Every structure is written in C-alpha cells, then in structure tokens.
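# Here's my sequence, what's the structure:
(2 chains)
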Amino acid sequence: MACAVLTAVAAGSQAQQQQRIAEFLHSDSHTNNWAVLVCTSRFWFNYRHIANTMSMYRTVKRMGIPDSHIILMLADDVACNPRNCYPGTVYDHPQKTTDLYGDNVEVDYRGYEVTVENFIRLLTGRVEAHTPRNKRLLSDDKSNIFIYMTGHGGEDFLKFQDSEEINSYDIADAMQQMWEKKRYREILFMIDTCQANTMFSKFYAPNVLSIGSSRKGENSYSHYHDRDIGASVIDRFTYYNLEFFESVDLSSKHTMADLISTYNTTLIGSHPGVRTDLFARKLEETYLTDFFGAVQRVELTNEPFPIGRKRASA
Amino acid sequence: WGYAPTAAQGSAGAELVTRMDDSDDVDARWRGLANALSGVFCASLNFVGAENTGSSQAAFGAANGTVLRHGYLARENVCTENLTPWIKQLPCQAQSGLAALLNPHRLYNMHYHSMGVALQPATDPATGRPLLRYTQHVSVVLDPRAFGLGANWTLGGLMDRSLAAPCPVAARSTVRIAAAPARGLRTTPRADSTAPVAGRTVHTFDLRRRRIADIGLALPADRPLLPPAAAPAVTAHRFVTGHGGTGGGIEAALTNRLDTAVRVVYLDTLPWYLRVYSHTLRLEAVADNGRVAAVAPARVLFTPAVDRGRPSVLEVEVELPARSRTVLRYDIEK
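Predicted structure coming up:
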C-alpha cells in the first residue's frame, strides 16, 4: 500500500518536472539575437556612414551580441584607407576619444560584396551554395533581428555603392519572405539616410518596429566634421542614439519608449519617425536589450532534473 | 629594404595558391575553398573565379594527379578585420606570445605589410607519420620615425604594446634581431646568443628561457638611421612600357647579383582583357661589362586567355648568367 502511494507521488512530481521543462523551452520570448549592420556608401567623403555603422557595431557588441551573430557590411574601407592619417581607426568625434574600429572587428561583407543582391539574399536566406557561415543569417523563428542601414537615400530608395539602388518595396517583400520562412520573431529596423522614413512606409510583414531619421522631403544631416580626417565623421541621428546608448549596459531596463523620447528634433535637424502599427508589443514594454543585446534566459533551480535516465522496470 | 623575413611574401593584393587532386569537380572545389577562406579571413577571396585563376605548371613544381590553382586579386586591401581571425587561430591568440605585439594601429601605419597562412602535408620527423603543417606569417616594414622614435627605441614602444609572456603551448618563442655589424647596434637586455648570418649579426632572444619585459635597440647617434640594405641576390622588376591607351609592352628586369648562374622560373598572370602577343617574347641579358646577348630560355609555357574565362599565364624557365641583368619583354594590347 505504502509502495503504491510512493509510486503515485513520484509519478506526479515527474509530470510536474516535465511541465516545467516544457514551459521553459517553449517560452514566449526570443531566444537569440542577430544584428545586420549595413553601410551602403563608398568613397572617402562618406566616412561618416562607415562611422555610423561601426558605432552600432560597437554598441551591439558591447551589449553582448557575439561576432558570430553580427553581419557587418561595409561598402568601403576607411580605417586602412591611404587617405586616413590615423591608420586602423575610425572615429566619431574630432576629439578622437573612442576608436570605433578597435582591434577585434570582423567585417563579413566588405567592399564590392555589399550589393543589393547580397543583402536580399542574406535576409531571405537564399544565399549561393558556397556562402560561408559568417555571411549567412542563420536566424530562426525565435530570433530578434536588429537591422541597421545607413547611406545616401531618397524617397523610397537607398543607394548602394554609387551604382545601384534598393527600394522600400524590395525590403518589404524580403521581410515578408522572412516571416513566411519563420526567419524572425521580431525585427527592429533602423535607418539613417535622407528621407529615411519612406524606406519603411511599405512594410507589411508583422512584428516589425521601424525607426527612421527623417521624413519624406527632409534631409538627414551630418554632425561633427574633423579637419584632420577631412570629412564629416558621424551623422546626427546616429550620434544622438549613441549618446543615449553610452548610458545603457547589459543589465539595463530601458525601453524603446525611453530611447525614442530622447529624440530632439532641433538637435537632430530632422524629424525621426517611428512605425509601430506592425509591432505587437507596446514600446514601453519593449526593452532595448531585446534588440541591442543578447540576453540569455537563465532560470536558477535547486531541483535535480534527470537526464537520459532509463525507465525503471515495474 | 632587402630580404623579406620569410619566404612566403606576397605582392599587392590577395593571392590564393592551392594544389588539389585532379578530378571532374576540381573547379567547384576550388570555388568552395575560396569562398570558405573568404569567410574565415573576412577577405573578398570569393571573387576568385575562373576569370582570375591561373593554372601554373612549372613555377610551383609539378606533382602527378594534381592541379595547381593560382587566384590573384590585385586590388584586395588588408585591414584589422583580416588580422582578427588570423590572431584567433593562434592557440594563445593575443593574450600571450609574440602575437601580443600585433597592434593594428601600428601594423597598418607601415611601408609594407604582408600576412598569410600556408597548409602543407608533411611528415612527423620523430614517428614518420603524415601530418599537416599550418604556418601563419605576418611581415611588416615599419619606420620608427613615423612614431616619433629616434635612434633609441624599444620593441614595445614601436608596437605600443608590451611583450607578454610566451604562449605556454609554444615549442619555441624567439626574437631575432639582424643588423649589419657596421651599424653598431646595442640591445637591452643582451641577446642570448649572437651569430653572423649572411653578412649580418643576428641577436637571438629566447623568450622561454627568461622573462623579457621589453627589448631595447640603441644605435649610435652619429650613424645614419637608414643605410641602404644589401639588395637580395635575385630580384625581378616588372613594368609597363609604351604610351597611349591601346598598346604597349610588359618588361621584366631579372637581376642576378651572385657570382654563379641561377635558374629561375618567371611566372606572369595577366588578366584576360590584356591581349598578350606571345610571339613577341624576347629575352636579352646585359652583363656587367655592357655586353648584350640574346638568351634562349630553357622552357616557355604559355596558356592564352579566354575572354572572361581565364587569364593568360606565361611561364619562362631561364638561366640567369652570373652578375647580369636579363630583360624579358613582350607586347600587349590593352
């Protein structure tokens, strides 16, 4: 009799354990983070676009996303450019306080590899057979992806490499393909170009939050100009985003609403736009670390969980 | 600046040389390798394709049942993103060992830079079993004056890094400093051993034997900082001749400064859009006393280009007479 009771209790707690395992594994939030950072501009005078992208690279890396989950696309090389009198560096301020390039950078698509075709293939996963691992976006249905683009743009288009363009319908369709192929859970799309807000006006895939630097008909402006380097070194919108991120770290509970509330139209010189109608959650409830960091979900327990134990015979 | 520190020096751009077993899918495997390496080293090696891949027969030796593929990207540049994976392949990375000195801010502020890897089959000398030897090299020519250093400087000061402890798994960790005896170089601390090699004094520091924090080099202030280095024994200088945008020639001056004749293989890979008139190939030797003589090459192998299909590959095996300058020239159409 006592035997039977003990067995019943044991079976009950095992079912409870299984349920707790199931709850942990099938959580409702994302489980991994990716970042796709694209600089589409070539030439020395577009130094600031490389600096924009490197600022975002530094931010997401600092907040925990590893190189294996960052796709960095730089259309030109400014750090080791013969015109750079500070070789191996990219600065975002004339005072040169922070070297954005550092000594641990991995550029996945460099120079002429940054093309519209490669970008769309990357997003949709339809890459060519021999594409190496670091050039693939290996996301799944639980991935939160941060996509950042910067360069020269206009109404509904963005210029790549001074020779081709991508338009907003292309990106919208690529994102819909991603949704259908379960390649993301949520996307944060941020873009810093002229008339940036038009680039996300045609999106229709769900769970996409978009932020742009300027409205239709507006330019986005550069910020600091460095006389030694001879070019503008950062754009205003990205610079003020960065200023906010300098106060944010891995453990931050800041939300997207906090970030957006710091946007000052006078300082930025244009009207940043936010598109939330495709995004399921409220901005006040969406943490910055959901997109900019790689936060691991860890649950502490004192209970032992059996792994691969053979079933005892009755 | 004289001899290259290692035999594996490259020219401008990126080069990929592979010897593969011959089979039907050799080209697919070549592309697969180039793509995989482009991912590993963050370089655009994926642009290596049929139109810029040559296949040499003489220059790299020959082996039965294998083909040699030589891909060359002339405009590829190097930067920190290539150094990062290179360092990550070392067992101690940049934490310890000589790689701790590799500061990209100094490495890329240089006159010349070359880095690469080589994977070759070898045999274990102890057991005789086959193994793979993986070699990584980086060569850089730096001018201390570019960093505000004068006649006295230290290795750590030059690279703006400190010399770390040797990597625990390294079998050898040595620093060798070679200078002509006439320069009067003094090192701090003193070298573990000094020996004359090829007209220069080589100071060797064994980092595994004792912990060295930094190596200082002092040169007498009255000597010039950069005397001309001894030229290597055999050099080649290639240049374009002619004027205008349509025609011209390629000329290569092969100089042999030794007292004995030397047999060399001259390999030239030209893009398909430069038409090579191989029938205009001429070789002439100019001896020290001014005598000019036509030279008959031992072997000439020429693979013509196919438009957008493959580059021209010219291989000339020739014996360079002692103390002579041999000029090899042929006409091209641009």
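
# Please name the nearest non-neighbouring residue to A:Thr124.
A:Gln177 (4.6 Å; CB to CB, 6 or more residues apart in numbering or on different chains). C-beta here means a position set from N, CA and C on the backbone, and glycine is covered the same way.

# Which helix or strand contains the one you found?
Using DSSP states H and E, A:Gln177 maps to helix A:168-180.

# do the same with B:Tyr277
strand B:275-287.

# Excluding its own residues, what touches that strand? List them.
The contact list for strand B:275-287 (CB atoms under 8 Å, 6 or more residues apart in numbering or on different chains) reads B:249, B:270, B:292-297, B:300, B:302, B:304-305, B:312, B:314, B:316, B:318, B:320-321, B:323-333.

# Just give me the neighbour total for residue 217.
You didn't say which chain, so I picked chain A. 10 (other CB atoms under 10 Å in any protein chain shown).

# I was after chain B.
Using other CB under 10 Å, B:Leu217 has 20 neighbouring residues.

# if I pick it, what's in contact with it?
By CB under 8 Å, 6+ apart, the neighbours of B:Leu217 are B:Asn152, B:Trp153, B:Thr154, B:Leu155, B:Ile177, B:Leu185, B:Arg186, B:Thr187, B:Thr188.

# measure the residue of the stretch 151-300 of chain A at minimum distance from chain B to B:Gly49 for me?
Of all residues in the stretch 151-300 of chain A, A:Gln161 sits closest to chain B, at 13.4 Å by CB to the nearest CB. Separation of A:Gln161 from B:Gly49 (CB to CB, to the nearest Å): 19 Å.

# likewise B:Leu119?
Relative to B:Gly49, B:Leu119 is positioned 21 Å away (CB to CB).

# what's the helix or strand for residue 19?
Going with chain A. Counting by DSSP H and E, A:Gln19 is part of helix A:2-25.

# not quite, I wanted chain B
Using DSSP H and E, B:Arg19 sits in strand B:14-21.

# What about contact with chain A: does that strand have any residue there?
No. Strand B:14-21 is not in contact with chain A by CB under 8 Å from any CB of the partner chain; minimum separation 11.5 Å.

# Chain neighbours aside, what residue packs nearest to the closest residue to chain B within the stretch 51-200 of chain A?
Scanning the stretch 51-200 of chain A for the residue nearest chain B gives A:Pro132, at 2.3 Å (criterion: CB to the nearest CB). Leaving out its chain neighbours, the residue that sits closest to A:Pro132 by CB to CB, 6+ apart is B:Gly39, at 2.3 Å.

# That neighbour belongs to a helix?
Yes. The assignment for B:Gly39 by DSSP: H, G, I helix; E, B strand; the rest coil puts it in a helix.

# show me the residues around it that make contact.
By CB under 8 Å, 6+ apart, the contact set of B:Gly39 is A:Asp108, A:Thr131, A:Pro132, A:Arg133, A:Asn134, A:Lys135.

# Could you point out which of those is nearest to B:Val234?
Nearest to B:Val234, judged by CB to CB, of the contacts of B:Gly39 is A:Pro132 at 38.1 Å.

# So what's the residue count around the closest one?
20.

# Quick check: phi and psi on it?
Main-chain torsions, A:Pro132, degrees, to the nearest 10: phi -70, psi 170.

# Is it in contact with B:Val40, as I believe?
Yes. A:Pro132 is within contact range of B:Val40, at 7.1 Å (criterion: CB atoms under 8 Å).

# C-alpha coordinates for stretch A:78-98, CSV please?
What follows is stretch A:78-98 as a C-alpha-only set of coordinates in CSV (Å, rounded to 0.1, in the frame of the first residue of the first chain):
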residue,chain,number,x,y,z
VAL,A,78,38.2,53.8,-44.4
ALA,A,79,40.3,52.5,-41.5
CYS,A,80,43.1,51.4,-43.7
ASN,A,81,42.4,53.8,-46.5
PRO,A,82,45.6,55.5,-47.7
ARG,A,83,43.8,58.8,-47.0
ASN,A,84,43.4,58.1,-43.4
CYS,A,85,46.1,59.8,-41.4
TYR,A,86,45.2,57.7,-38.4
PRO,A,87,45.5,54.2,-39.8
GLY,A,88,43.5,51.4,-38.4
THR,A,89,41.0,53.7,-36.7
VAL,A,90,37.5,55.1,-37.3
TYR,A,91,36.5,58.0,-35.0
ASP,A,92,33.1,59.6,-34.5
HIS,A,93,34.3,62.8,-32.9
PRO,A,94,37.1,65.3,-33.7
GLN,A,95,38.4,64.8,-30.2
LYS,A,96,39.1,61.1,-31.2
THR,A,97,38.2,59.8,-27.8
THR,A,98,36.9,56.4,-29.0
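
# quick one: low-confidence ranges for the stretch 1-150 of chain A?
Applying pLDDT under 70 to the stretch 1-150 of chain A picks out residues A:1-12, A:24-27.

# now with 50?
Applying pLDDT under 50 to the stretch 1-150 of chain A flags residues A:1-2.

# Near chain B, which residues of it? Just list them.
Residues of the stretch 1-150 of chain A lying close to chain B by CB under 8 Å from any CB are A:77, A:79-80, A:86-89, A:99, A:101-108, A:110-113, A:130-135.

# Just the buried residues of the residues you listed.
Neighbour counting over the residues of the stretch 1-150 of chain A next to chain B (16 or more other CB atoms under 10 Å in any protein chain shown) leaves A:77, A:79-80, A:86-89, A:99, A:101-108, A:110-111, A:113, A:130-132, A:134-135 as the buried ones.

# Would you agree A:Gly269 is in contact with A:Arg236?
Yes. If you go by CB under 8 Å, A:Gly269 and A:Arg236 touch, sitting 5.4 Å apart.

# Now for the two: what residues contact both?
A:Ser220, A:Tyr221.

# Counting neighbours around each, name which of these two comes out higher.
A:Arg236 (23 against 18).

# For the more buried one, give me its contacts.
A:Ser213, A:Ser220, A:Tyr221, A:Ser222, A:His223, A:Leu267, A:Ile268, A:Gly269, A:Ser270.

# Just the buried residues from those residues, in ChimeraX please.
Burial among the contacts of A:Arg236 is assessed by 16+ other CB under 10 Å; the matching ChimeraX selection reads:
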select /A:213,220,222,223,268,269,270
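
# all helices in the stretch 1-150 of chain B, in order from the N-terminus.
Using DSSP state H, counting those that start in this stretch, the helices found in the stretch 1-150 of chain B span residues B:26-41, B:80-88, B:104-107.

# Run the chain-centre distance for the first one.
Pointing back at helix B:26-41 there. 22 Å (CA atoms, centre = their mean, to the nearest Å).
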